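Colleague: Make a model of this:
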Amino acid sequence: MAVSRRDFTRLLALGGSSAFLAKPAFAQQGQSLEALGFSAAPLPRTPTEPDEKFWSEVRSRFLMPRDLAFLNAANLCPTSLPAIETMEKNLRHYEVNPSPEVRAVLLRAREDSRQLLADAMRVTPEEIVLTRNTTEGNNFVSNGLALGPGDEIVVWADNHPSNLGAWTTKAKRFGFSVVTVPVLPTHPGTQGYVDLFAKAFTPRTKLVAISHVSSNSGDLLPAKEICAMARERGVLSLIDGAQAFGVMDLDLGSMQPDFYTGSMHKWPCGPKETGMFYLNKAVHEKIHPSVIGVYGGAVGISKTFEAEGQRDDASIAAVAEALRFQGSIGRAVIETRARSLANHLITELGTLNGVKMWTHTDPDRHAAIVIFQPGSLDPRKLVAALAEKEKIVVTGRSNAQDRPGIRLAPHFYNTMADVDRTVGAIKRYLANGV
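Modeller: Okay, the predicted model is just below:
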């Protein structure tokens with residue numbers, strides 16, 4: 001019942017909503033996706049040392065035009081074509097036959113997604129909840145723990161609002177206290193970060209909430225070491241993995257956080273409005289669901305935490321295909337690729353006059369996010385010029401109170417040519433203005 005690729009191409013041509021869609025190419029109705037340089041076929045086996053030809057094959061599994069350099073994975077990633085086709089097939093299958101039997105098939109596929117998530121992170125399916133995004137998972141924790149007067153939560157000032165502002169809002173309601181650990185001028189190293197959070201702990205501390213990777217600086221925090229330090233003191237740990245899940249080869253079985261959250265729409269390149277929430281089996285009895293409803297998951301804590309009523313079953317079932325796609329490449333391979341692109345950006349940008357690098361240049365202290373100040377250029381104007389004139393998509397930080405500038409977030413669908421073209425464009429604007 002799936003739409004043909006020829007019809008899908010026509011749908012893309014008729015959409016016309018994206019400023020970056022290669023309209024002349026897609027307007028040639030009757031061409032197949034393959035003729036336009038795209039493919040949903042399985043990738044060739046990952047070479048021992050993947051070259052640019054291999055990464056070009058990966059790029060062809062995304063519907064981005066070849067002349068678009070999309071370096072904005074920290075915000076929102078394109079969905080891989082295999083996952084798109086699976087979503088479309090799932091949706092049409094149900095809409096043609098909206099029966100309990102068909103929905104039961106999709107719900108079983110949801111369990112495939114859960115198993116693949118568990119396998120990817122070296123944990124068990126009983127510890128995985130399929131959420132809408134990282135924000136929902138973070139709020140499940142702040143809503144679900146029994147906290148009150150006399151209790152303290154330690155948070156990092158660089159956290160996302162869902163792991164920062166949510167705690168202060170709930171503290172006003174329930175009477176517990178929030179201790180905020182400040183942002184340091186530069187990454188202090190593994191022990192420096194462990195000591196920074198340890199100093200904030202008191203006998204009243206119940207939980208520490210941090211970001212695995214900062215979206216504001218690119219700092220990679222020593223999550224495993226902070227979790228271990230918290231565990232030794234009887235303190236729970238919540239790790240916001242929005243900027244790590246899908247790009248880093250995570251081993252939560254080794255890290256042993258109590259809670260870990262992530263979004264499929266970012267680095268995993270999965271369906272929009274789908275996410276992941278890991279709850280260590282040791283803390284299942286300490287947290288309560290925020291919503292009581294029906295249609296929960298089949299195993300473990302998902303039976304209660306996913307009972308939120310009607311969901312988009314077609315998209316949730318397609319999470320499995322997004323995970324299979326990344327798994328076919330290799331998660332360690334993807335991490336190595338994304339981090340090598342980021343390191344290349346840091347090296348090349350560092351040669352440009354006027355660039356101030358906010359992200360630490362030590363490869364062990366960042367992942368795949370690069371943030372810098374482009375001399376005296378207005379970040380807003382530079383972002384607009386890169387998008388409109390160069391077909392390069394990045395994020396501006398013009399409204400940031402600290403570390404203003406540009407954020408680049410390359411991923412495994414980027415080529416080295418994307419990175420070099422971006423550096424070249426920034427070099428020209430630094431020299432000639434925007």
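Colleague: host element of the closest residue to G175 other than its chain neighbours?
Modeller: The shortest distance from G175 to any non-neighbouring residue, by C-beta to C-beta, 6 or more residues apart in numbering, is to P149 (4.0 Å). C-beta here means a position set from N, CA and C on the backbone, and glycine is covered the same way. Of the helices and strands defined by DSSP states H and E, none includes P149.
Colleague: R204 is in contact with P149, correct?
Modeller: No. Using C-beta atoms under 8 Å, P149 is not in contact with R204; the gap is 10.1 Å.
Colleague: just to revisit the earlier point, can you read off the pLDDT for the residue nearest to G175?
Modeller: Looking at P149, its pLDDT is 98.
Colleague: Just give the number of residues close to it.
Modeller: For P149, the count of nearby residues is 8 (other C-beta atoms under 10 Å).
Colleague: for N97, same thing?
Modeller: Residues near N97, counting by other C-beta under 10 Å, number 11.
Colleague: Ramachandran angles for it?
Modeller: Dihedral pair for N97: phi -140, psi 80, per degrees, to the nearest 10.
Colleague: can you tell me how far it sits from L91?
Modeller: Counting by C-beta to C-beta, to the nearest Å, the separation of N97 from L91 is 12 Å.
Colleague: now swap in R132 and tell me
Modeller: Computed as C-beta to C-beta, the R132 to L91 distance reads 18 Å.
Colleague: what residues are up against S39?
Modeller: S39 is in contact with 33, 57, 60-61, 81, counting by C-beta atoms under 8 Å, 6 or more residues apart in numbering.
Colleague: Go through the residues you listed and name the one nearest T359.
Modeller: R61 (28.3 Å; C-beta to C-beta).
Colleague: in this protein, which helix or strand is least confident?
Modeller: Every helix and strand of the chain was ranked by mean pLDDT, DSSP states H and E. The lowest is helix 23-26, at a mean of 36.
Colleague: Do a quick rundown of the helices in the stretch 101-250 of the chain.
Modeller: 134-144, 165-174, 190-198, 223-232 (DSSP state H, counting those that start in this stretch).
Colleague: Quick check: R428 is in a strand.
Modeller: No. Per DSSP: H, G, I helix; E, B strand; the rest coil, R428 lies outside any strand segment and is helix.
Colleague: I'd like to know how far it sits from R66.
Modeller: 21 Å.
Colleague: more crowded one of the two?
Modeller: Each of R428 and R66 had its neighbours counted (other C-beta under 10 Å), and the higher figure belongs to R66 (16 against 13).
Colleague: How is this structure divided into domains?
Modeller: When the chain is parsed with automatic domain parsing, its domains come out as 20-71+330-434, 100-326.
Colleague: Strands along the stretch 201-350 of the chain, start to end?
Modeller: 205-211, 236-240, 259-263, 275-279 (DSSP state E, counting those that start in this stretch).
Colleague: G296 versus P289, what's the distance?
Modeller: 9 Å.
Colleague: Now for these two: what residues contact both?
Modeller: With C-beta under 8 Å, 6+ apart, P289 and G296 have common neighbours 304-305, 307.
Colleague: Between the residues you listed, identify the one with the most neighbours.
Modeller: For these, neighbours tallied by other C-beta under 10 Å; top is F305, 25 neighbours.
Colleague: and it, what is it in contact with?
Modeller: F305 neighbours (C-beta under 8 Å, 6+ apart): 129, 140, 277, 279, 289, 296-297.
Colleague: would CSV of these with pLDDT be doable?
Modeller: Putting the contacts of F305 into CSV (pLDDT from 0 to 100) gives the following:
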residue, pLDDT
V129, 98
F140, 98
F277, 98
L279, 98
P289, 96
G296, 94
G297, 96
